[in-house]
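J.: Requesting a structural model of the entry that follows:
(2 chains)
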Amino acid sequence: MTALRAWLLPHRIVMIGLFAALVLWCAFALRWDWIPKYAPLALEGIWRTIWLLVVTTVLGFLLAIPLGLAQAVGPWYLATPARVFCTVIRGTPLLLQIWLLYYGLGSLFPQYPWIRESELWPYLRQAWPYAVLALTLSYAGYEGEVMRGAFASVARGQIEAAQAFGMPRFTMFRRIWLPQAIQTALPTLGGETVLQLKATPLVATIAIVEIYAVASRVRQDTFIVYEPLLLLAVVYLVIAGLLALGFRKLEARVPVKGH
Amino acid sequence: MMDLATAHPAQSAIATADEAIRVENLHKSFGHLEVLKGVSLTARRGDVVAIIGGSGSGKSTCLRCINFLETPTSGRIVIGGEEIAMRADGTPASRKQLERVRSRLGMVFQAFNLWTHRTLLENVIEVPVHVLGVSKAEAAERAMVLLDRVGLADKAATYPAFLSGGQQQRAAIARALAIDPSAMLFDEPTSALDPELVGEVLTVIRDLAAEGRTMLLVTHEMKFAREVADHVIYFANGRIEEEGPPDQVFGAPRSERLKQFLKSVS
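T.: From the prediction side, this is the model:
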């Protein structure tokens, strides 16, 4: 009841009305007749966007763990390369990284017959391995830095308690250190994953037809500019919202005092 | 009771079976600062040994050297007749052996150090399940008995952050008991507690002393030490300045330093 009443405040009613009017205007004044024709392609594009996001964040995070660990507690010969990698990745545009990998590696590989004749060649001729590699390395670079801080922030006493009870090093890492570091990093990781989602359209530049490329295709075919872009914004908003929701669920698994 | 182990190699070789902890000629330096200057002590099974002394006297460092949370500079540590193998620089020679020995010593920290991302029950079963290989069901059953014993059965599903310091420390004692330790190491277990919470923790420790647990207890609670300990050791400047039965150490101190110390803390 109180929840309903909260919505009935005058300024809220006005805002809701304005929003409804905007949606209705969009629905009736703009052109949406292209949707049925492009729906299958759009669904495929959405699927590709989500697939790219999931695969590159998972692989990137798996890389970020050793990168963070090496920087936090590793010997110099591991810490220095890890720091250089993170600095280079974070200091150059992702678009440049994608192009360097795709055009650079992509033109280097065919020069070697043993690569051209290998089982992997059918894949290496396509664009998506380079897209996955570039997005993975990018996420690893940023999250390696986040995990460095997270590993370093785990209280000394937490690790000492594990040592004092004779916990083997890997068990201690898996059961105590890593979970606590991830818990610390989760709010940041959630935000970074949304950034990763919004970085995926860059792979459209190497001819991967994810959802942004579908919107471009519609524009080229039909000369309709704004409607596909509006719908595209809604699609990204929905995925970002789902990500935020998922991360909030993950964070809530260990309750924090005062929440 | 307790005997001062004189560090003659011939004598130390005859480690009697009822010795729980033996420390011989322990040295520890942090850089140029020598914190322990040759400490020897022995705790037999069932002994409650209280270690007292001013801050910076080396008493906590000594306790932490026993399970190698601090790496000794030199000396010998023998736990239940098994000497922890050391390299020349004091680092443990065998990680496997050290882990095995550590898993028999129940440590209780000043700052509790419960694992914050796990509930009390999960904290108590963590080491039995993931170090000692006990089945989860069996460990959980035993953990509930232990939590009940320290008065926290109703908090089994609670995370440490939601508990008072006294409750956390009692849970930490349950965690240490869960490994069925051959000896327990208490590192100033009540120093981080609000005064009104000290009593509940001391009550639990008193119970453990009464049931004949071997305990090494670094503490600032003089009254408590006098009450529960079989043997009291006074540390000053990285050495054992004086030791003996509690009535003697507290009632008739011989050294000038100990007299001063007791006057300052009473």
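J.: quick one: A:Ala134 from A:Ile50, how far?
T.: Separation of A:Ala134 from A:Ile50 (Cβ to Cβ, to the nearest Å): 18 Å. For the C-beta atoms, the positions are set from N, CA and C on the backbone; glycine is no exception.
J.: When the two are compared, which one has more neighbours?
T.: More crowded of A:Ala134 and A:Ile50, by other Cβ atoms under 10 Å in any protein chain shown: A:Ala134, with 26 against 16.
J.: Does that one touch A:Leu96 like I think?
T.: No: contact status for A:Ala134 versus A:Leu96: not in contact, 9.6 Å apart, counting by Cβ atoms under 8 Å.
J.: so what's B:Leu121 closest to, chain neighbours aside?
T.: The shortest distance from B:Leu121 to any non-neighbouring residue, by Cβ to Cβ, 6 or more residues apart in numbering or on different chains, is to B:Ala156 (4.2 Å).
J.: ok, now which ones touch the residue in the stretch 51-200 of chain A positioned nearest to chain B?
T.: In the stretch 51-200 of chain A, the residue that lies nearest chain B is A:Gly166 (3.2 Å; Cβ to the nearest Cβ). By Cβ atoms under 8 Å, 6 or more residues apart in numbering or on different chains, the residues touching A:Gly166 are B:98-104, B:127, B:131.
J.: And B:Leu69, by the same measure?
T.: Taking Cβ under 8 Å, 6+ apart as the test, what B:Leu69 contacts is A:160, A:163-164, B:107.
J.: and it, backbone torsions?
T.: As for B:Leu69, its main-chain torsions (degrees, to the nearest 10) stand at phi -70, psi -30.
J.: Over to the one 10 residues further on?
T.: Torsion angles at B:Ile79 (phi, psi; degrees, to the nearest 10) stand at phi -110, psi 120.
J.: what residues does the stretch 51-200 of chain B put near chain A?
T.: Counting by Cβ under 8 Å from any Cβ of the partner chain, the residues of the stretch 51-200 of chain B close to chain A are B:67, B:69, B:95, B:98-107, B:109, B:111, B:113-117, B:126-127, B:130-131, B:159, B:161-162, B:179, B:185.
J.: If any of those residues are buried, put those into a PyMOL selection.
T.: Selection of buried members from those for PyMOL, criterion 16 or more other Cβ atoms under 10 Å in any protein chain shown:
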select buried, chain B and resi 67+69+98+99+101+102+103+104+105+106+107+109+111+113+114+115+116+117+126+127+130+131+159+179+185
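J.: Which of the residues of the stretch 51-200 of chain B next to chain A fall in helices?
T.: Counting by DSSP state H, these place B:95, B:98-102, B:126-127, B:130 in helices.
J.: that older thread, got TSV for the contacts of B:Leu69, with secondary structure too?
T.: What follows is these, written out as TSV (DSSP: H, G, I helix; E, B strand; the rest coil):
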residue	secondary structure
A:Glu160	helix
A:Gln163	helix
A:Ala164	helix
B:Met107	strand
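J.: top of the residues you listed by neighbour count?
T.: Of all those, the highest neighbour tally under other Cβ under 10 Å goes to B:Met107, namely 27 neighbours.
J.: Need the pLDDT of that one.
T.: Listed pLDDT for B:Met107 reads 97.
J.: repeat for B:Ser12
T.: 43.
J.: Point out where the stretch 151-266 of chain B drops to low pLDDT.
T.: Along the stretch 151-266 of chain B, the model assigns pLDDT under 70 to no residue.
J.: Residue of it nearest chain A, please.
T.: As assessed by Cβ to the nearest Cβ, chain A sits closest to B:Ala161 within the stretch 151-266 of chain B, at 4.4 Å.
J.: Secondary structure class of the closest residue to that residue other than its chain neighbours, three-state.
T.: Computed as Cβ to Cβ, 6+ apart, the closest residue to B:Ala161 that is not its neighbour in sequence is A:Lys257, at 4.4 Å. Following three-state DSSP, the label given to A:Lys257 is coil.
J.: Just confirm A:Lys257 contacts B:Phe162, I think it does.
T.: Yes: if you go by Cβ under 8 Å, A:Lys257 and B:Phe162 touch, sitting 5.9 Å apart.
J.: Quick one: residues contacting residue 175.
T.: All of this is about chain A. A:162, A:167, B:126, B:130 are the contacts of A:Arg175 under Cβ under 8 Å, 6+ apart.
J.: not quite, I wanted chain B
T.: Counting by Cβ under 8 Å, 6+ apart, B:Arg175 touches B:106, B:114, B:123-124, B:126-127.
J.: follow-up on the earlier one: tell me which two in the contacts of A:Gly166 are the farthest apart.
T.: Largest separation among those by Cβ to Cβ: B:Leu98 and B:Val127, giving 15.1 Å.
J.: Assign a three-state SS to the nearest residue to B:Gly54 once chain neighbours are set aside, would you?
T.: Once flanking residues are discounted, B:Gly54 sits nearest to B:Phe261: 6.1 Å by Cβ to Cβ, 6+ apart. Going by three-state DSSP, the secondary structure assigned to B:Phe261 is helix.
J.: Would you mind finding the longest helix in the chain?
T.: With no chain named, the answer covers chain A. The helix that spans the most residues within chain A, counting by DSSP H, is helix A:35-73.
J.: hmm, I had chain B in mind actually
T.: Longest helix in chain B by number of residues (criterion: DSSP H): helix B:195-210.
J.: Flag every buried residue along that helix.
T.: B:197-198, B:200-202, B:204-205, B:208-209.
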